[in-house]
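*Asks:* What follows is a predicted protein model with its sequence.
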Amino acid sequence: MRLNRRDWLRSATVATAAGLFVRPEQTILNTSSISKQEPGKVLLNSNENALGPSEMVRKAIAQSVTESNRYPWETRQILVDRISKLEGIPADNIMLGAGSTELLQLAGMAFGAYGGTIVSSYPTFPMMMQHASGFDAKWLKVSLTSTMDHDLNGLKDAASGAQLVYISNPNNPVGTMTGKKDLLDFCKSMATDTIIFVDEAYMEFSDPGLEASLAHHVMDLPNLIVARTFSKIYGMAGLRVGYAYAHPNLLEKMKHYHIGFEINMPITSLYAAIAAAEDQDFVKYCKEENRQIRLDVYQKFDAWEVKYLASQTNFIYFETKRFAEKLVSLLEKHQVLIRDYDDQPGYARVSMGTSPQIQQFLDAAKLYISR
């Protein structure tokens, strides 16, 4: 049965519209087929959700094919309204992007490029700063504290005269998280003409979840932008859907650099995100699975005396000195891919895959424990 897009907007929930989607409990049961170990490489290097996308999302993508001959103007608005309903933030304060990556780039261009200054912690997710640096932005790096947390005082000092401050919370690649009160106090203490961009790509994985988000504070802090994504806990990295909360004036400045008149996301991705926003049972399921798998890795690392950072994400940042040199290259020989960084010697990051995938990682890593 073909689903009219206007019906989506009028209906109380997408999940019941036209009998298109399965029930949430079916979504969870059906993930058993996804969890089985597939042959080939085990991809634990990009923080993807190996459990997703959910069954509801897959059915929505199939349905969307019938709309592929249409521009996605209306479907974009339906998704904005769904996000607005989910968190109780007005639609005028929401902007969509092709993943939060695009939103990072737009903010960097709008507020940091052409002679501006962007301040961030280091190490962190560098996409915004790297992109803006290609357009004459200056990037000031503030080292993390000894506990690998954001140095809020250091960021504030460095931000004097800066146009933009970027904060990844929880922080990629280390997985640590700054508490809501501390981060909110920091935002309130900043000059009102300094834009603060808080990247919450992994917030749903954290112990407090969205209760720790600053999203609602864009209503009273006109210099605050909060970004999220469907790439991580929703398991839709390949579909490229992100969104940002901010004052409409900030969003308009970002849209000035938007390529494609805001119709650069495929209608298949938009349908998928609409379905995903309704499927919060799947989100809860993924969070719990991720927590359990993380604990399994902690247990092994503790037994091996491998030092690591307790994570609020779907990845773990750990020291590699207990292993043989070039651990990442050695694991690749076993078809297991994890991530290391040239500027962070002695550390690596492993994403949480399925239980069989993590077991394959642990079995291979055990071979290279230094004796």
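*Replies:* Yep, that arrived. Numbering: from 1, shown residues only.

*Asks:* pLDDT at the nearest residue to residue 190 once chain neighbours are set aside, what is it?
*Replies:* Sequence neighbours aside, residue 196 is the residue nearest to residue 190 in space, at 6.0 Å (criterion: Cβ to Cβ, 6 or more residues apart in numbering). For every residue, glycine as well, the C-beta is placed using N, CA and C. At residue 196, the predicted lDDT confidence score is 98.

*Asks:* Could you tell me how many residues sit around the residue nearest to residue 369 when sequence neighbours are not counted?
*Replies:* Distances taken as Cβ to Cβ, 6+ apart put residue 304 closest to residue 369, at 5.6 Å, once the chain neighbours are dropped. Look at residue 304: counted by other Cβ atoms under 10 Å, it has 15 neighbours.

*Asks:* Also the one 5 residues further on?
*Replies:* Using other Cβ under 10 Å, residue 309 has 21 neighbouring residues.

*Asks:* which residues of this structure fall in strands?
*Replies:* Under the criterion DSSP state E, the chain contains strands at 42-43, 94-97, 117-122, 138-143, 164-168, 195-199, 224-229, 242-246, 315-319, 336-337, 339-340, 347-351.

*Asks:* What lies in contact with the last one?
*Replies:* With contact meaning Cβ atoms under 8 Å, 6 or more residues apart in numbering, strand 347-351 is reached by 43-48, 173, 297, 314-320, 327-328, 338-341, 361.

*Asks:* and these, which are buried?
*Replies:* Among these, those classed as buried by 16 or more other Cβ atoms under 10 Å are 43-45, 47-48, 173, 297, 314-318, 320, 327-328, 338-340, 361.

*Asks:* circling back to that earlier point, burial measure for the residue nearest to residue 190, as a count.
*Replies:* Residue 196 has 22 neighbouring residues, counting by other Cβ under 10 Å.

*Asks:* Check residue 139 too.
*Replies:* Residue 139 has 18 neighbouring residues, counting by other Cβ under 10 Å.

*Asks:* go on, residue 136?
*Replies:* Using other Cβ under 10 Å, the number of residues around residue 136 comes to 11.

*Asks:* do the same with the one 4 residues further on
*Replies:* Burial measure for residue 140: 15 neighbouring residues, criterion other Cβ under 10 Å.

*Asks:* mind listing what it touches?
*Replies:* So residue 140 contacts 117, 118, 119, 120, 158, 162 (Cβ under 8 Å, 6+ apart).

*Asks:* Ranking by neighbours, what's the top pick from these?
*Replies:* residue 119 (28 neighbours).

*Asks:* now the closest residue to residue 172 other than its chain neighbours: how far from residue 318?
*Replies:* For residue 172, ignoring the flanking residues on the chain, the nearest one in space by Cβ to Cβ, 6+ apart is residue 125 at 4.4 Å. As judged by Cβ to Cβ, to the nearest Å, residue 125 and residue 318 stand 18 Å apart.

*Asks:* repeat for residue 60
*Replies:* Per Cβ to Cβ, residue 60 is found 37 Å from residue 318.

*Asks:* Could you do residue 211 as well?
*Replies:* 28 Å.

*Asks:* again, but for residue 182
*Replies:* Residue 182 sits 25 Å away from residue 318, taking Cβ to Cβ as the criterion.

*Asks:* residues contacting the residue lying closest to residue 118 once chain neighbours are set aside?
*Replies:* Closest residue in space to residue 118, ignoring its immediate chain neighbours: residue 112 at 4.2 Å, by Cβ to Cβ, 6+ apart. Residue 112 is in contact with 118, 128, 129, 132, 137, 163, 164, counting by Cβ under 8 Å, 6+ apart.

*Asks:* Quick one: neighbours of the fourth one, just the number.
*Replies:* Here the neighbour count serves as a burial measure; for residue 132 (other Cβ under 10 Å) it reads 28.

*Asks:* which residue packs closest to it, ignoring adjacent ones?
*Replies:* Residue 132 sits nearest to residue 108 (Cβ to Cβ, 6+ apart), 3.4 Å away.

*Asks:* okay but that neighbour is in contact with residue 164, surely?
*Replies:* Yes. Between residue 108 and residue 164 there is a contact at 7.2 Å, judged by Cβ atoms under 8 Å.

*Asks:* ok, and the most crowded of the contacts of residue 112?
*Replies:* Result: residue 128 is most packed of the contacts of residue 112 (other Cβ under 10 Å), 30 neighbours.

*Asks:* ok, that one to residue 134 distance?
*Replies:* Remark: distance between residue 128 and residue 134 (Cβ to Cβ) = 11 Å.

*Asks:* Kindly report the same for residue 84.
*Replies:* Distance of residue 84 to residue 134, computed by Cβ to Cβ: 34 Å.

*Asks:* Repeat that for residue 367.
*Replies:* In this view, residue 367 and residue 134 are 41 Å apart by Cβ to Cβ.

*Asks:* Repeat that for residue 272.
*Replies:* Distance, residue 272 to residue 134, by Cβ to Cβ: 31 Å.

*Asks:* next one: residue 94
*Replies:* According to Cβ to Cβ, residue 94 stands 28 Å off from residue 134.
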